[in-house]
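Sequence and predicted structure, then a few things I'm wondering about:
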Amino acid sequence: MEESDSKVLSGVTIPAHPAVLTQVMEELKSSAINGKKIAQLISQDAGISAIVTRVANSPVFGNGSRVSSIMEAVETLGFGSLADLVQKALLQNTTINSNIPFDRFWDNSRYTGLAAKRLADIVGQIDPDTAYTFGLFHDCGIPLLAQRYPEYKNVLSKANKDSKRIFTSIEEEAIGTSHAIIGYYLARAWGLSDAITQGILQHHDYAQLESPQNTNSEAHRLIAINVMAEFAANTHLRTVQDTEWAKAREAVSIFLGYSVSNLDDIIDDLIYQFDKTLAHHKENE
């Protein structure tokens, strides 16, 4: 690990969504604790998912094999340890200081995960739960860089709007590292699979999808699905200008064996389903 990356990782963590933490704590205090419900709540948020996964895979709890789902992590830790972790995360949230609001990060990671899971069912050859996990964690380096570098908000805005250059090259030019590099090291530290960690490291390098030897790579299939999923999430949330799909669509089309127009149709359908669900919720509020 580069020294600069080590400094960025030192003593920082992805903030968990306060509302999710509160819901998990309420469920843990219930007289009839439901492990499945707790796992579903935790799975909605990258921050608390990261905490639970990291600790479940630590030497204290680990049995030599990696947990492959949030449900397994919940079962490994037990409700007492989970309650301690949630309380600690609630305390950490009160001390986080960043110039970037994390609402967008929480929403984007969750919707990207949901979209990636649906896309995995459509295109096949990738486990939907793995696709969801990748979507949830692919940008996990962003909040860490936001906490470390005061100027990162401007760097992120510039990278989001640039329709030509590789996203991570703009970050590296400005601060000497990128959210993909930091996310890679984080995912490795949490015990996530090699496919997920390598995918996080390369998820803005769409030229990788054009290499014949990567055709059967799980990591590259995750990258291809994720760039579609994130575009659908960003379009639905209307929170950021997303130029990544325009950069990736030709390479993804060739890699997945779909025409560009077919992929655009699939994405449009995802956006429609998200918008329809949101409208239904508003009608019933």
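Now that the structure is in, tell me what you want to look at. Residues are numbered from 1 along each chain as shown.

Tell me which residues touch residue 42, please.
Residues counted as contacts of residue 42 (Cβ atoms under 8 Å, 6 or more residues apart in numbering) are 20, 24, 48, 49, 52, 70, 73, 74. Backbone N, C-alpha and C define where each C-beta goes, glycine included.

So which of the residues you listed is the closest to residue 139?
Closest approach between the contacts of residue 42 and residue 139, by Cβ to Cβ: residue 49, at 13.2 Å.

Backbone dihedrals for residue 31, both of them.
The phi/psi pair for residue 31 (degrees, to the nearest 10) reads phi -70, psi -20.

buried ones in the host helix or strand of residue 249?
Assessed by DSSP states H and E, residue 249 sits inside helix 244-256. For helix 244-256, the neighbour count (16 or more other Cβ atoms under 10 Å) marks 244, 245, 247, 248, 249, 251, 252, 253, 255, 256 as buried.

For the fourth one, which residues are in contact?
By Cβ under 8 Å, 6+ apart, the contact set of residue 248 is 206, 209, 224, 227.

same question, the last one
The contact partners of residue 256, by Cβ under 8 Å, 6+ apart, come to 123, 224, 263.

can I get these in a markdown table with secondary structure, pLDDT and neighbour count?
Shown next, in a markdown table, are those (DSSP: H, G, I helix; E, B strand; the rest coil; pLDDT from 0 to 100; neighbours: other Cβ atoms under 10 Å):
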| residue | secondary structure | pLDDT | neighbour count |
| --- | --- | --- | --- |
| 123 | helix | 89 | 19 |
| 224 | helix | 96 | 29 |
| 263 | helix | 96 | 21 |
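
can you list the domains in the protein?
In terms of domains, the chain is parsed into 3-93, 103-283 (source: automatic domain parsing).

hang on, the earlier thing: closest to residue 165 out of the buried residues of helix 244-256?
residue 247 (9.1 Å).

Out of the contacts of residue 256, which is nearest to residue 145?
Closest to residue 145, out of all of those and judged by Cβ to Cβ, is residue 224, at 24.7 Å.

which residues does the closest one contact?
Residue 224 touches 209, 248, 251, 252, 255, 256, counting by Cβ under 8 Å, 6+ apart.

Now do the residue lying closest to the fifth one once chain neighbours are set aside, the pLDDT please.
Okay, so that is residue 255. Distances taken as Cβ to Cβ, 6 or more residues apart in numbering put residue 209 closest to residue 255, at 4.2 Å, once the chain neighbours are dropped. Per-residue confidence (pLDDT) for residue 209: 91.

so residue 209 touches residue 220, yeah?
Yes - Residue 209 is in contact with residue 220 according to Cβ atoms under 8 Å; the separation is 5.8 Å.

Show me whatever sits in contact with both of the two.
Residues touching both residue 209 and residue 220 (Cβ under 8 Å, 6+ apart): residue 255.

The helix or strand that contains residue 83 - contacts with which helices or strands?
Using DSSP H and E, residue 83 sits in helix 70-93. Under the contact criterion of 3 or more Cβ pairs under 8 Å, 6 or more residues apart in numbering; DSSP states H and E, helix 70-93 touches helix 18-28, helix 35-42, helix 46-56.

chain center to the second one: distance?
Once both centres are worked out by Cα atoms, centre = their mean, to the nearest Å, helix 35-42 turns out to sit 18 Å from its chain's centre.

tell me the angle that helix makes with helix 46-56.
Here the directions of helix 35-42 and helix 46-56 differ by 130 degrees (axes from the mean of the first three to the mean of the last three Cα atoms, to 10 degrees).

Return the set of buried residues in stretch 222-242.
Under 16+ other Cβ under 10 Å, the buried positions of stretch 222-242 are 222-237, 240, 242.

cool, stretch 182-192 as well?
So for stretch 182-192, counting by 16+ other Cβ under 10 Å, buried means 182, 183, 184, 185, 186, 187, 188, 190, 191, 192.

Could you single out the nearest of those to residue 117?
Nearest to residue 117 among the buried residues of stretch 182-192, with distances taken as Cβ to Cβ, is residue 192, at 16.2 Å.

where does that closest one land in three-state SS?
Taking DSSP: H, G, I helix; E, B strand; the rest coil as the rule, one finds residue 192 in the coil state.

Check residue 125 too.
Residue 125 ends up coil, using three-state DSSP.

Who are the contact partners of the residue lying closest to it once chain neighbours are set aside?
Closest residue in space to residue 125, ignoring its immediate chain neighbours: residue 221 at 6.2 Å, by Cβ to Cβ, 6+ apart. Residues in contact with residue 221 (Cβ under 8 Å, 6+ apart) are 125, 126, 255.
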